[in-house]
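Visitor: return a 3D structure for these sequence lines:
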Amino acid sequence: MMPPFRRNLLYFAVLASMIVGLFLLTSTEPQTRVGLLSGLKENVPGLAFSTNTRKDDFSIVAETTMPAGTLVPGFALLDRLYLRNGTFFIVSNSTAFPPRSDIISRPLDIGANHDLEPTDKELRFITSADATEILGKHAIPIEGFTMIVYDTEQFMNRFYHWWGEMVLGTWRVYSALDAFTQGAENPPFPARVILPHIFGNEWRDAPGVNAGLMRACFPSTNIEKSDYWDDLTLLDKTVVFERAMIISRATAHRHPLSTSWSNMLSSAMTVNTSAKFWEPIRHATISNLLGYLPELDSRGLVVAPPSSVSSIPVVTYISRQGGGRRLREEDHEGLVRALKELEWTGICQVYVAVMEKMSLVQQVEVMAASTVVVGVHGNGLTHQLWMPPSARSTVIEIFPPKSYLSDYEILARNLGHRHYAIWNDTPTTFPKDIYHEGIEYAEDFNTLSIPVHGPAVAQLIRQCLTEFA
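Guide: Numbers count the residues shown, from 1 in each chain. Below you'll find the model as predicted:
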(Lines give C-alpha, C1' and ligand atoms only; values in the text may rest on other atoms or scores of the structure.)
Protein backbone atom coordinates (compact mmCIF):
# COMPACT_ATOMS: atom_id res chain seq x y z
CA MET A 1 0.00 0.00 0.00
CA MET A 2 1.28 3.49 -0.96
CA PRO A 3 2.38 5.61 2.07
CA PRO A 4 0.01 8.54 2.86
CA PHE A 5 2.53 11.28 2.09
CA ARG A 6 3.26 9.82 -1.40
CA ARG A 7 -0.45 9.45 -2.14
CA ASN A 8 -1.03 13.09 -1.15
CA LEU A 9 1.90 14.16 -3.30
CA LEU A 10 0.40 12.37 -6.33
CA TYR A 11 -2.98 14.02 -5.77
CA PHE A 12 -1.29 17.40 -5.56
CA ALA A 13 0.60 16.84 -8.84
CA VAL A 14 -2.57 15.87 -10.72
CA LEU A 15 -4.46 18.86 -9.31
CA ALA A 16 -1.64 21.23 -10.25
CA SER A 17 -1.53 19.98 -13.86
CA MET A 18 -5.30 20.44 -14.21
CA ILE A 19 -5.08 24.02 -12.93
CA VAL A 20 -2.25 24.86 -15.34
CA GLY A 21 -4.14 23.33 -18.30
CA LEU A 22 -7.30 25.27 -17.45
CA PHE A 23 -5.30 28.49 -17.19
CA LEU A 24 -3.72 27.98 -20.61
CA LEU A 25 -7.07 27.15 -22.23
CA THR A 26 -8.87 30.21 -20.85
CA SER A 27 -5.96 32.52 -21.63
CA THR A 28 -6.08 31.66 -25.37
CA GLU A 29 -8.22 34.34 -27.02
CA PRO A 30 -11.12 33.02 -29.15
CA GLN A 31 -10.28 35.45 -31.91
CA THR A 32 -6.74 34.06 -31.99
CA ARG A 33 -8.01 30.54 -32.61
CA VAL A 34 -10.41 31.75 -35.30
CA GLY A 35 -7.60 33.75 -36.85
CA LEU A 36 -5.47 30.61 -37.06
CA LEU A 37 -8.17 28.78 -39.04
CA SER A 38 -8.74 31.88 -41.14
CA GLY A 39 -5.07 31.93 -41.98
CA LEU A 40 -5.22 28.32 -43.16
CA LYS A 41 -8.22 29.13 -45.30
CA GLU A 42 -6.55 32.14 -46.86
CA ASN A 43 -3.43 30.15 -47.72
CA VAL A 44 -5.35 27.43 -49.64
CA PRO A 45 -7.46 28.87 -52.48
CA GLY A 46 -10.75 27.38 -53.64
CA LEU A 47 -11.54 24.04 -52.01
CA ALA A 48 -9.35 24.53 -48.98
CA PHE A 49 -9.66 21.03 -47.57
CA SER A 50 -9.63 18.96 -50.77
CA THR A 51 -8.12 15.50 -50.28
CA ASN A 52 -7.60 14.91 -53.98
CA THR A 53 -3.90 14.09 -54.24
CA ARG A 54 -3.82 12.62 -57.74
CA LYS A 55 -1.12 13.85 -60.08
CA ASP A 56 -3.77 14.89 -62.61
CA ASP A 57 -6.02 16.97 -60.35
CA PHE A 58 -9.48 17.05 -61.91
CA SER A 59 -10.71 19.48 -59.27
CA ILE A 60 -8.88 22.29 -61.09
CA VAL A 61 -11.00 23.90 -63.79
CA ALA A 62 -9.37 23.28 -67.18
CA GLU A 63 -10.51 22.69 -70.74
CA THR A 64 -12.95 19.97 -71.73
CA THR A 65 -11.58 17.51 -74.28
CA MET A 66 -12.86 14.83 -76.64
CA PRO A 67 -10.73 11.73 -75.91
CA ALA A 68 -11.70 10.12 -79.20
CA GLY A 69 -10.94 13.29 -81.16
CA THR A 70 -14.56 13.67 -82.23
CA LEU A 71 -18.06 13.15 -80.84
CA VAL A 72 -20.66 10.57 -81.87
CA PRO A 73 -24.19 12.04 -81.85
CA GLY A 74 -26.15 10.51 -78.99
CA PHE A 75 -23.01 9.04 -77.40
CA ALA A 76 -20.88 12.10 -76.63
CA LEU A 77 -17.72 11.02 -74.79
CA LEU A 78 -16.02 13.88 -72.94
CA ASP A 79 -13.20 14.38 -70.46
CA ARG A 80 -13.67 17.13 -67.87
CA LEU A 81 -17.37 17.68 -68.40
CA TYR A 82 -18.64 20.29 -65.95
CA LEU A 83 -22.02 20.51 -64.26
CA ARG A 84 -23.42 23.34 -62.18
CA ASN A 85 -27.01 23.82 -61.03
CA GLY A 86 -28.27 21.19 -63.47
CA THR A 87 -26.54 22.63 -66.55
CA PHE A 88 -23.60 21.05 -68.38
CA PHE A 89 -20.63 23.22 -69.33
CA ILE A 90 -17.98 22.52 -71.93
CA VAL A 91 -14.90 24.66 -71.36
CA SER A 92 -13.03 25.12 -74.62
CA ASN A 93 -11.22 27.72 -76.69
CA SER A 94 -11.38 25.46 -79.73
CA THR A 95 -13.81 25.50 -82.61
CA ALA A 96 -13.46 21.73 -83.04
CA PHE A 97 -16.51 20.88 -80.98
CA PRO A 98 -19.65 19.97 -82.93
CA PRO A 99 -22.84 21.97 -82.40
CA ARG A 100 -24.80 21.53 -79.19
CA SER A 101 -27.55 19.63 -81.02
CA ASP A 102 -25.04 16.84 -81.77
CA ILE A 103 -24.36 16.40 -78.06
CA ILE A 104 -27.64 16.70 -76.18
CA SER A 105 -31.38 17.25 -76.53
CA ARG A 106 -34.04 18.61 -74.26
CA PRO A 107 -35.26 15.83 -71.93
CA LEU A 108 -38.74 15.45 -73.40
CA ASP A 109 -40.57 12.52 -74.97
CA ILE A 110 -39.84 12.04 -78.65
CA GLY A 111 -42.81 12.98 -80.81
CA ALA A 112 -45.96 14.79 -79.67
CA ASN A 113 -44.62 17.91 -81.45
CA HIS A 114 -42.07 18.49 -78.69
CA ASP A 115 -39.22 20.86 -79.48
CA LEU A 116 -36.14 18.83 -78.59
CA GLU A 117 -33.53 21.40 -79.64
CA PRO A 118 -31.19 21.97 -76.67
CA THR A 119 -30.93 25.31 -74.92
CA ASP A 120 -28.58 26.97 -72.43
CA LYS A 121 -30.47 25.12 -69.72
CA GLU A 122 -29.05 21.82 -70.97
CA LEU A 123 -25.56 22.76 -72.16
CA ARG A 124 -23.38 25.83 -72.49
CA PHE A 125 -20.04 26.36 -74.20
CA ILE A 126 -17.71 28.73 -72.38
CA THR A 127 -14.09 29.75 -72.87
CA SER A 128 -11.38 29.18 -70.32
CA ALA A 129 -11.28 32.95 -69.78
CA ASP A 130 -14.91 32.89 -68.64
CA ALA A 131 -14.68 29.62 -66.72
CA THR A 132 -13.40 31.03 -63.44
CA GLU A 133 -16.15 33.62 -63.23
CA ILE A 134 -18.91 31.15 -64.11
CA LEU A 135 -17.65 27.92 -62.55
CA GLY A 136 -15.11 29.09 -59.99
CA LYS A 137 -11.47 28.08 -59.69
CA HIS A 138 -12.14 24.58 -58.45
CA ALA A 139 -14.76 21.89 -58.99
CA ILE A 140 -15.76 18.82 -57.04
CA PRO A 141 -14.26 15.89 -58.97
CA ILE A 142 -16.35 12.82 -59.83
CA GLU A 143 -13.83 10.19 -60.80
CA GLY A 144 -14.05 7.30 -63.22
CA PHE A 145 -16.29 6.80 -66.23
CA THR A 146 -19.87 8.05 -65.87
CA MET A 147 -22.78 7.17 -68.16
CA ILE A 148 -25.35 9.99 -68.14
CA VAL A 149 -28.56 8.81 -69.80
CA TYR A 150 -30.21 12.14 -70.54
CA ASP A 151 -33.62 10.77 -71.56
CA THR A 152 -37.10 10.39 -70.19
CA GLU A 153 -38.51 6.97 -69.38
CA GLN A 154 -40.26 6.80 -72.79
CA PHE A 155 -38.07 4.02 -74.22
CA MET A 156 -36.06 2.95 -71.20
CA ASN A 157 -38.24 0.17 -69.86
CA ARG A 158 -37.73 -2.11 -72.86
CA PHE A 159 -35.04 -4.78 -72.91
CA TYR A 160 -33.99 -4.02 -76.48
CA HIS A 161 -33.90 -0.23 -76.09
CA TRP A 162 -31.92 -0.38 -72.84
CA TRP A 163 -29.44 -3.17 -73.60
CA GLY A 164 -29.55 -3.53 -77.38
CA GLU A 165 -29.27 0.18 -78.11
CA MET A 166 -28.21 2.24 -75.09
CA VAL A 167 -25.71 -0.08 -73.41
CA LEU A 168 -24.34 -1.60 -76.61
CA GLY A 169 -24.02 1.79 -78.33
CA THR A 170 -22.25 3.22 -75.30
CA TRP A 171 -19.82 0.33 -75.18
CA ARG A 172 -19.09 0.42 -78.91
CA VAL A 173 -18.14 4.10 -78.77
CA TYR A 174 -16.35 3.87 -75.41
CA SER A 175 -14.27 0.82 -76.30
CA ALA A 176 -13.09 2.37 -79.58
CA LEU A 177 -10.73 4.76 -77.81
CA ASP A 178 -7.09 4.38 -78.90
CA ALA A 179 -6.06 4.07 -75.27
CA PHE A 180 -8.00 0.83 -75.05
CA THR A 181 -7.26 -0.63 -78.48
CA GLN A 182 -3.49 -0.19 -78.25
CA GLY A 183 -2.42 -2.49 -75.47
CA ALA A 184 -5.02 -2.20 -72.72
CA GLU A 185 -6.89 -5.45 -72.14
CA ASN A 186 -10.36 -4.01 -71.47
CA PRO A 187 -11.75 -0.54 -70.79
CA PRO A 188 -12.84 -0.06 -67.17
CA PHE A 189 -16.52 -0.52 -66.49
CA PRO A 190 -18.56 2.58 -65.62
CA ALA A 191 -18.33 3.78 -62.05
CA ARG A 192 -21.90 5.02 -62.18
CA VAL A 193 -24.94 5.40 -64.41
CA ILE A 194 -26.93 8.60 -63.86
CA LEU A 195 -30.57 8.90 -64.92
CA PRO A 196 -31.29 12.60 -64.24
CA HIS A 197 -34.91 12.47 -65.40
CA ILE A 198 -35.98 9.20 -63.79
CA PHE A 199 -37.73 9.55 -60.44
CA GLY A 200 -38.45 5.96 -59.47
CA ASN A 201 -38.53 2.59 -61.21
CA GLU A 202 -39.56 3.86 -64.62
CA TRP A 203 -36.34 2.58 -66.20
CA ARG A 204 -37.07 -1.01 -65.16
CA ASP A 205 -38.87 -3.40 -67.51
CA ALA A 206 -41.70 -5.51 -66.09
CA PRO A 207 -39.78 -8.84 -66.15
CA GLY A 208 -36.81 -7.25 -64.36
CA VAL A 209 -34.33 -8.06 -67.11
CA ASN A 210 -32.81 -4.57 -67.46
CA ALA A 211 -31.92 -4.14 -63.81
CA GLY A 212 -30.97 -7.76 -63.21
CA LEU A 213 -28.47 -7.78 -66.05
CA MET A 214 -27.03 -4.43 -64.95
CA ARG A 215 -26.37 -5.84 -61.48
CA ALA A 216 -24.86 -8.99 -63.00
CA CYS A 217 -22.58 -7.24 -65.46
CA PHE A 218 -21.71 -4.15 -63.40
CA PRO A 219 -22.03 -5.23 -59.75
CA SER A 220 -19.94 -2.30 -58.50
CA THR A 221 -21.65 0.37 -60.62
CA ASN A 222 -24.03 2.76 -58.88
CA ILE A 223 -27.28 3.57 -60.65
CA GLU A 224 -28.33 7.08 -59.63
CA LYS A 225 -31.58 8.87 -60.41
CA SER A 226 -33.11 12.33 -60.15
CA ASP A 227 -32.54 12.62 -56.40
CA TYR A 228 -28.78 12.32 -56.97
CA TRP A 229 -29.02 14.95 -59.70
CA ASP A 230 -30.98 17.22 -57.36
CA ASP A 231 -28.33 16.74 -54.67
CA LEU A 232 -25.64 17.99 -57.05
CA THR A 233 -27.82 20.99 -57.90
CA LEU A 234 -28.46 21.84 -54.26
CA LEU A 235 -24.72 22.06 -53.64
CA ASP A 236 -24.63 25.23 -55.75
CA LYS A 237 -21.10 24.17 -56.64
CA THR A 238 -19.42 23.06 -59.84
CA VAL A 239 -18.74 19.37 -60.25
CA VAL A 240 -16.53 17.88 -62.94
CA PHE A 241 -16.82 14.41 -64.43
CA GLU A 242 -13.41 12.95 -65.12
CA ARG A 243 -14.80 11.05 -68.09
CA ALA A 244 -18.46 11.02 -69.03
CA MET A 245 -20.73 10.12 -71.89
CA ILE A 246 -23.93 12.08 -72.50
CA ILE A 247 -26.32 9.50 -73.93
CA SER A 248 -29.34 10.94 -75.73
CA ARG A 249 -31.74 8.99 -77.92
CA ALA A 250 -33.18 12.04 -79.65
CA THR A 251 -29.68 13.27 -80.45
CA ALA A 252 -28.66 9.90 -81.90
CA HIS A 253 -31.70 9.98 -84.15
CA ARG A 254 -30.46 13.22 -85.72
CA HIS A 255 -27.72 11.24 -87.46
CA PRO A 256 -28.38 10.79 -91.22
CA LEU A 257 -28.30 6.97 -90.96
CA SER A 258 -31.26 7.08 -88.61
CA THR A 259 -33.53 8.07 -91.48
CA SER A 260 -32.85 4.63 -93.00
CA TRP A 261 -32.69 2.50 -89.87
CA SER A 262 -34.73 4.46 -87.30
CA ASN A 263 -32.37 3.11 -84.70
CA MET A 264 -30.44 4.70 -81.83
CA LEU A 265 -27.36 2.69 -82.85
CA SER A 266 -27.17 4.41 -86.24
CA SER A 267 -24.56 6.99 -85.24
CA ALA A 268 -22.49 4.45 -83.29
CA MET A 269 -22.25 2.24 -86.36
CA THR A 270 -19.89 4.79 -87.92
CA VAL A 271 -17.29 4.09 -85.21
CA ASN A 272 -14.47 1.67 -86.05
CA THR A 273 -13.82 -0.72 -83.20
CA SER A 274 -12.66 -4.25 -82.51
CA ALA A 275 -14.88 -7.04 -83.83
CA LYS A 276 -14.87 -8.40 -80.28
CA PHE A 277 -15.67 -5.15 -78.51
CA TRP A 278 -18.74 -6.67 -76.79
CA GLU A 279 -16.89 -9.66 -75.33
CA PRO A 280 -15.93 -8.02 -71.99
CA ILE A 281 -19.63 -7.33 -71.34
CA ARG A 282 -20.73 -10.79 -72.45
CA HIS A 283 -18.04 -12.52 -70.42
CA ALA A 284 -18.72 -10.54 -67.24
CA THR A 285 -22.48 -11.06 -67.40
CA ILE A 286 -22.34 -14.78 -68.07
CA SER A 287 -19.51 -15.52 -65.65
CA ASN A 288 -21.19 -13.62 -62.82
CA LEU A 289 -24.58 -15.26 -63.41
CA LEU A 290 -23.47 -18.82 -64.14
CA GLY A 291 -20.13 -19.07 -62.38
CA TYR A 292 -18.53 -20.23 -65.63
CA LEU A 293 -18.25 -19.21 -69.28
CA PRO A 294 -19.19 -21.75 -71.99
CA GLU A 295 -16.56 -21.96 -74.73
CA LEU A 296 -17.68 -22.94 -78.23
CA ASP A 297 -15.49 -24.14 -81.08
CA SER A 298 -15.84 -23.25 -84.77
CA ARG A 299 -18.50 -25.95 -85.24
CA GLY A 300 -20.69 -24.48 -82.52
CA LEU A 301 -19.95 -27.22 -79.99
CA VAL A 302 -19.52 -26.38 -76.31
CA VAL A 303 -16.01 -27.62 -75.47
CA ALA A 304 -15.60 -26.17 -71.97
CA PRO A 305 -16.09 -26.37 -69.07
CA PRO A 306 -16.18 -30.20 -68.87
CA SER A 307 -19.56 -30.20 -67.13
CA SER A 308 -21.21 -28.40 -70.07
CA VAL A 309 -19.67 -29.95 -73.19
CA SER A 310 -21.96 -30.82 -76.10
CA SER A 311 -21.59 -33.16 -79.05
CA ILE A 312 -23.87 -31.16 -81.36
CA PRO A 313 -24.68 -27.42 -81.63
CA VAL A 314 -27.59 -25.90 -79.70
CA VAL A 315 -30.45 -24.21 -81.58
CA THR A 316 -32.81 -22.10 -79.47
CA TYR A 317 -36.28 -21.19 -80.66
CA ILE A 318 -37.69 -18.28 -78.63
CA SER A 319 -41.44 -18.79 -78.58
CA ARG A 320 -43.79 -15.79 -78.32
CA GLN A 321 -46.97 -17.86 -78.31
CA GLY A 322 -47.94 -16.52 -74.90
CA GLY A 323 -47.80 -12.86 -75.94
CA GLY A 324 -48.52 -10.47 -78.75
CA ARG A 325 -47.11 -10.61 -82.28
CA ARG A 326 -46.87 -14.37 -82.54
CA LEU A 327 -47.03 -17.21 -85.03
CA ARG A 328 -50.19 -18.82 -86.24
CA GLU A 329 -50.60 -21.73 -83.84
CA GLU A 330 -50.40 -24.44 -86.47
CA ASP A 331 -47.27 -22.81 -87.91
CA HIS A 332 -45.70 -22.68 -84.44
CA GLU A 333 -46.37 -26.39 -84.05
CA GLY A 334 -45.01 -27.06 -87.54
CA LEU A 335 -41.84 -25.12 -86.76
CA VAL A 336 -41.25 -27.05 -83.53
CA ARG A 337 -41.83 -30.31 -85.39
CA ALA A 338 -39.34 -29.37 -88.14
CA LEU A 339 -36.73 -28.37 -85.56
CA LYS A 340 -37.18 -31.61 -83.65
CA GLU A 341 -36.61 -33.53 -86.88
CA LEU A 342 -33.24 -31.79 -87.12
CA GLU A 343 -32.51 -32.96 -83.60
CA TRP A 344 -33.53 -36.53 -84.38
CA THR A 345 -31.11 -36.59 -87.33
CA GLY A 346 -28.24 -35.41 -85.13
CA ILE A 347 -27.83 -31.96 -86.68
CA CYS A 348 -28.43 -30.01 -83.49
CA GLN A 349 -29.94 -29.99 -80.04
CA VAL A 350 -33.15 -27.93 -79.94
CA TYR A 351 -34.36 -25.85 -77.03
CA VAL A 352 -37.78 -24.19 -77.14
CA ALA A 353 -37.44 -21.20 -74.80
CA VAL A 354 -40.47 -19.50 -73.31
CA MET A 355 -38.57 -16.62 -71.74
CA GLU A 356 -41.39 -15.34 -69.55
CA LYS A 357 -41.46 -18.70 -67.77
CA MET A 358 -37.70 -18.86 -67.21
CA SER A 359 -35.51 -17.22 -64.60
CA LEU A 360 -33.01 -14.63 -65.78
CA VAL A 361 -30.18 -17.07 -65.11
CA GLN A 362 -31.89 -19.73 -67.24
CA GLN A 363 -32.45 -17.26 -70.08
CA VAL A 364 -28.78 -16.28 -70.18
CA GLU A 365 -27.62 -19.87 -69.70
CA VAL A 366 -29.42 -21.22 -72.76
CA MET A 367 -28.25 -18.35 -74.97
CA ALA A 368 -24.65 -18.63 -73.77
CA ALA A 369 -24.55 -22.18 -75.18
CA SER A 370 -26.48 -21.49 -78.41
CA THR A 371 -25.16 -21.27 -81.95
CA VAL A 372 -28.46 -20.44 -83.68
CA VAL A 373 -31.41 -18.48 -82.32
CA VAL A 374 -34.81 -18.37 -84.05
CA GLY A 375 -37.73 -16.14 -83.17
CA VAL A 376 -40.41 -13.72 -84.24
CA HIS A 377 -39.32 -10.08 -84.24
CA GLY A 378 -39.42 -8.99 -80.60
CA ASN A 379 -37.54 -8.30 -77.37
CA GLY A 380 -36.49 -11.93 -76.88
CA LEU A 381 -34.04 -11.68 -79.78
CA THR A 382 -32.07 -9.16 -77.70
CA HIS A 383 -30.74 -12.21 -75.86
CA GLN A 384 -28.42 -12.79 -78.81
CA LEU A 385 -26.19 -10.47 -76.74
CA TRP A 386 -25.11 -13.56 -74.78
CA MET A 387 -24.65 -15.95 -77.73
CA PRO A 388 -20.96 -16.60 -78.52
CA PRO A 389 -19.87 -15.11 -81.86
CA SER A 390 -18.47 -17.57 -84.38
CA ALA A 391 -18.42 -18.40 -88.07
CA ARG A 392 -21.70 -20.29 -87.55
CA SER A 393 -23.54 -18.12 -85.02
CA THR A 394 -26.82 -17.10 -86.63
CA VAL A 395 -29.98 -15.14 -85.85
CA ILE A 396 -33.10 -16.11 -87.82
CA GLU A 397 -35.79 -13.45 -87.44
CA ILE A 398 -39.35 -14.23 -88.50
CA PHE A 399 -41.29 -11.23 -89.85
CA PRO A 400 -44.95 -10.69 -90.67
CA PRO A 401 -45.54 -10.37 -94.43
CA LYS A 402 -44.47 -7.07 -96.02
CA SER A 403 -42.66 -5.91 -92.88
CA TYR A 404 -39.03 -5.33 -91.98
CA LEU A 405 -37.25 -3.60 -89.10
CA SER A 406 -33.48 -3.48 -88.83
CA ASP A 407 -33.23 -3.61 -85.01
CA TYR A 408 -31.98 -7.17 -84.60
CA GLU A 409 -30.03 -7.19 -87.85
CA ILE A 410 -27.94 -4.25 -86.63
CA LEU A 411 -27.57 -5.95 -83.26
CA ALA A 412 -26.37 -9.15 -84.95
CA ARG A 413 -23.84 -7.22 -87.05
CA ASN A 414 -22.41 -5.64 -83.90
CA LEU A 415 -22.11 -9.00 -82.17
CA GLY A 416 -20.57 -10.97 -85.02
CA HIS A 417 -23.62 -13.12 -85.88
CA ARG A 418 -25.05 -13.81 -89.32
CA HIS A 419 -28.63 -12.51 -89.62
CA TYR A 420 -31.49 -13.84 -91.74
CA ALA A 421 -34.91 -12.34 -92.14
CA ILE A 422 -37.55 -14.84 -93.18
CA TRP A 423 -41.04 -14.23 -94.52
CA ASN A 424 -42.96 -17.51 -94.39
CA ASP A 425 -40.63 -19.65 -96.56
CA THR A 426 -38.40 -16.93 -98.03
CA PRO A 427 -35.15 -16.08 -96.21
CA THR A 428 -32.97 -13.06 -96.98
CA THR A 429 -29.59 -11.97 -95.69
CA PHE A 430 -27.33 -9.07 -96.52
CA PRO A 431 -23.54 -9.14 -96.87
CA LYS A 432 -21.25 -6.80 -95.01
CA ASP A 433 -21.88 -3.10 -95.77
CA ILE A 434 -25.14 -3.89 -97.59
CA TYR A 435 -28.40 -3.19 -95.79
CA HIS A 436 -32.13 -3.47 -96.32
CA GLU A 437 -33.56 -0.32 -97.84
CA GLY A 438 -35.41 1.44 -95.03
CA ILE A 439 -38.01 -0.10 -92.74
CA GLU A 440 -41.47 -1.42 -93.51
CA TYR A 441 -44.51 -1.75 -91.26
CA ALA A 442 -47.53 -3.68 -92.51
CA GLU A 443 -50.90 -2.76 -91.02
CA ASP A 444 -51.06 -6.14 -89.31
CA PHE A 445 -47.47 -6.00 -88.01
CA ASN A 446 -48.59 -7.07 -84.52
CA THR A 447 -50.81 -9.85 -85.77
CA LEU A 448 -51.34 -13.02 -83.72
CA SER A 449 -51.16 -15.22 -86.82
CA ILE A 450 -47.78 -14.70 -88.50
CA PRO A 451 -47.13 -17.42 -91.08
CA VAL A 452 -43.89 -19.39 -91.24
CA HIS A 453 -42.96 -22.56 -93.08
CA GLY A 454 -41.18 -24.78 -90.54
CA PRO A 455 -39.30 -26.94 -93.07
CA ALA A 456 -37.86 -23.80 -94.72
CA VAL A 457 -36.50 -22.61 -91.39
CA ALA A 458 -35.10 -26.07 -90.64
CA GLN A 459 -33.38 -26.22 -94.02
CA LEU A 460 -31.78 -22.83 -93.40
CA ILE A 461 -30.49 -24.02 -90.02
CA ARG A 462 -29.10 -27.19 -91.62
CA GLN A 463 -27.17 -25.05 -94.10
CA CYS A 464 -25.86 -22.75 -91.36
CA LEU A 465 -24.57 -25.69 -89.32
CA THR A 466 -23.21 -27.89 -92.10
CA GLU A 467 -22.51 -25.89 -95.25
CA PHE A 468 -21.66 -22.30 -94.27
CA ALA A 469 -18.48 -21.44 -92.40
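Visitor: only C-alpha atoms from now on, for both contacts and neighbour counts.
Guide: OK.
Visitor: okay, now the unreliable bits of the protein?
Guide: 1-56, 58-59, 178-185, 468-469 (pLDDT under 70).
Visitor: how far away is the residue nearest the centre of it from residue 159?
Guide: The centre of the chain sits closest to residue 167, judged by CA atoms, centre = their mean, with a distance of 2.7 Å. Taking CA to CA, to the nearest Å as the measure, residue 167 falls 10 Å from residue 159.
Visitor: what's the answer for residue 126, then?
Guide: 38 Å.
Visitor: ok, the two, which is more surrounded?
Guide: Using other CA atoms under 10 Å as the criterion, residue 126 and residue 159 rank with residue 159 on top: 25 against 17.
Visitor: so who does that one touch?
Guide: Residue 159 makes contact with 205, 209-210, 379, 382, according to CA atoms under 8 Å, 6 or more residues apart in numbering.
Visitor: in the stretch 301-450 of the chain, which spans are helices?
Guide: 329-344, 360-368, 407-415 (DSSP state H, counting those that start in this stretch).
Visitor: return the set of buried residues in stretch 373-391.
Guide: Neighbour-count burial for stretch 373-391 flags 373-391 (criterion: 16 or more other CA atoms under 10 Å).
Visitor: first-to-last residue distance for it?
Guide: 14 Å.
Visitor: same question for stretch 340-353.
Guide: Stretch 340-353 end-to-end distance (CA to CA) = 14 Å.
Visitor: next one: it to chain centre, how far?
Guide: 34 Å (CA atoms, centre = their mean, to the nearest Å).
Visitor: can you list contacts of that stretch?
Guide: Contact with stretch 340-353 is made by 312-319, 336, 339, 363, 458, 462, 465, as judged by CA under 8 Å, 6+ apart.
Visitor: quick one: which two of the residues you listed are the most distant?
Guide: Farthest-apart pair in those is 363 and 462; separation 24.0 Å (CA to CA).
Visitor: now do the same contact list for residue 388.
Guide: Contact analysis of residue 388 by CA under 8 Å, 6+ apart lists 295-296, 368-371.
Visitor: counting neighbours, which of the residues you listed comes out on top?
Guide: Neighbour max across these (other CA under 10 Å) = residue 371, 31 neighbours.
Visitor: excluding residues flanking it in the chain, which one is nearest that one?
Guide: residue 393 (4.7 Å; CA to CA, 6 or more residues apart in numbering).
Visitor: which ones are touching that neighbour?
Guide: Contacts of residue 393 (CA under 8 Å, 6+ apart): 300, 370-372, 387, 416-418.
Visitor: domain map for the chain?
Guide: As given by automatic domain parsing, the domain ranges for the chain are 75-270, 291-466.
Visitor: am I right that the residue nearest to the centre of the chain sits in a helix?
Guide: Yes. Counting by DSSP: H, G, I helix; E, B strand; the rest coil, residue 167 is found in a helix.
Visitor: separation between it and residue 211?
Guide: In terms of CA to CA, residue 167 sits 12 Å off from residue 211.
Visitor: again, but for residue 105
Guide: Noted for residue 105: a distance of 25 Å to residue 211, by CA to CA.
Visitor: for the strand or helix carrying residue 460, which positions count as buried?
Guide: Per DSSP states H and E, residue 460 falls inside helix 454-466. Residues 454-458, 460-462, 464-465 are the ones in helix 454-466 that count as buried (16+ other CA under 10 Å).
Visitor: closest to residue 265 among those?
Guide: residue 464 (26.9 Å).
Visitor: with residue 348 as the reference, measure out to that closest one.
Guide: Residue 464 sits 11 Å away from residue 348, going by CA to CA.
Visitor: just residue 423 next, same as before
Guide: Where residue 348 is concerned, residue 423 sits at a distance of 23 Å (CA to CA).
Visitor: what does residue 465 give?
Guide: Taking CA to CA, one finds residue 465 at 8 Å from residue 348.
Visitor: overlap in contacts of the two?
Guide: In contact with both residue 465 and residue 348: residue 313, using CA under 8 Å, 6+ apart.
Visitor: neighbours of residue 272, how many?
Guide: Residue 272 has 12 nearby residues by other CA under 10 Å.
Visitor: which non-adjacent residue is nearest it?
Guide: residue 176 (6.6 Å).
Visitor: export the domains of the chain to TSV and append columns for distance to residue 283.
Guide: Converted to TSV, the domains of the chain look like this (distance: least, CA to CA, whole Å):
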stretch	distance to residue 283
domain 75-270	9
domain 291-466	7
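Visitor: how about these, which one is nearest residue 61?
Guide: It's domain 75-270; of these, that one is closest to residue 61 (CA to CA) at 5.5 Å.
Visitor: for residue 412, give its distance to residue 266.
Guide: From residue 412 over to residue 266 the distance is 14 Å, taken as CA to CA.
Visitor: in strands only, show me the contacts of residue 388.
Guide: Members of the contacts of residue 388 lying in strands (criterion: DSSP state E): 295-296, 370-371.
Visitor: ok, the residues you listed vs residue 151, which is closest?
Guide: For those, with residue 151 as the reference and CA to CA as the criterion, the closest is residue 370, at 33.7 Å.
Visitor: dump the residue contacts of the closest one.
Guide: Neighbour list for residue 370: 300, 313-316, 387-388, 393 [criterion: CA under 8 Å, 6+ apart].
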